[in-house]
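Pasted the sequence and its predicted model underneath.
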Amino acid sequence: MVILNAEKMVLGRLASFAAKKALAGEQVTIVNSEKAVISGSRDDAMAKMKIRLGIRGKGNPEKGPKYSRMPDKVFRKAVRGMLPWKSSRGKEAYRRVHVYIGIPQELAGKAFEKMPENTSKEFRRSVELGALCRLLGAKW
């Protein structure tokens, strides 16, 4: 079982690392998903998320399509995008990935796995996933 802390980690890099671990057959747990970082300004990140979620006038707002704006669900969807989803191998790997907001009590005392150095980076302009999700309307 691999436990990863998403605090100050780049969303895409951490998602690809988690996808590789899940494809290798390991159980992957990601905590503090709301503290993952997306590079760029807040406005740029907001435009990217609106496009990604399909919020740009797609369908009927009352009937759908409806996408989750919670940080754990958005993070899990990013991991899914890096898996071969249409194969049974990718679907089984996706079932091995668990993402949490904050740190659950059952994982509080356990050690986190160290990430490769290129997954944590200081950006001049960046926004946390939790702040971005709150701007999109998430409540937790």
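Received the coordinates, thanks. Numbering: from 1, shown residues only.

any idea where the helices of this protein begin and end?
For the chain, helices defined by DSSP state H occupy the ranges 11-23, 42-53, 71-80, 88-95, 129-136.

Comparing these, which yields the minimum mean pLDDT?
Ranked by mean pLDDT, those end with helix 42-53 at the bottom, a mean of 77.

Relative to Thr29, which of the helices of the chain is closest?
helix 11-23 (9.2 Å; C-beta to C-beta). Every C-beta, even on glycine, is put in place using the N, C-alpha and C of the backbone.

Skipping adjacent residues, who's closest to the spatially most central residue of the chain in space?
For the chain, the residue whose C-alpha lies nearest the mean C-alpha position (C-alpha atoms, centre = their mean) is Phe75; its distance is 1.5 Å. Using C-beta to C-beta, 6 or more residues apart in numbering and skipping residues adjacent in sequence, the residue nearest Phe75 is Ser33, 4.3 Å away.

Burial check on that neighbour, number of neighbours?
Around Ser33 there are 28 other residues, counting by other C-beta atoms under 10 Å.

OK, contacts around it?
Contact analysis of Ser33 by C-beta atoms under 8 Å, 6 or more residues apart in numbering lists 6, 71-72, 75, 99-101, 129-130.

residues touching the residue nearest to the centre of the chain, list them.
Residues in contact with Phe75 (C-beta under 8 Å, 6+ apart) are 6, 11, 15, 30, 33, 36, 99, 129.

Now for the fourth one, how many residues are close by?
By other C-beta under 10 Å, 25 other residues sit near Ile30.

what's the answer for Glu34, then?
Glu34 has 24 neighbouring residues, counting by other C-beta under 10 Å.

Give me the pLDDT for it.
Per-residue pLDDT puts Glu34 at 96.

what about Asn60, distance to Lys66?
Distance, Asn60 to Lys66, by C-beta to C-beta, to the nearest Å: 10 Å.
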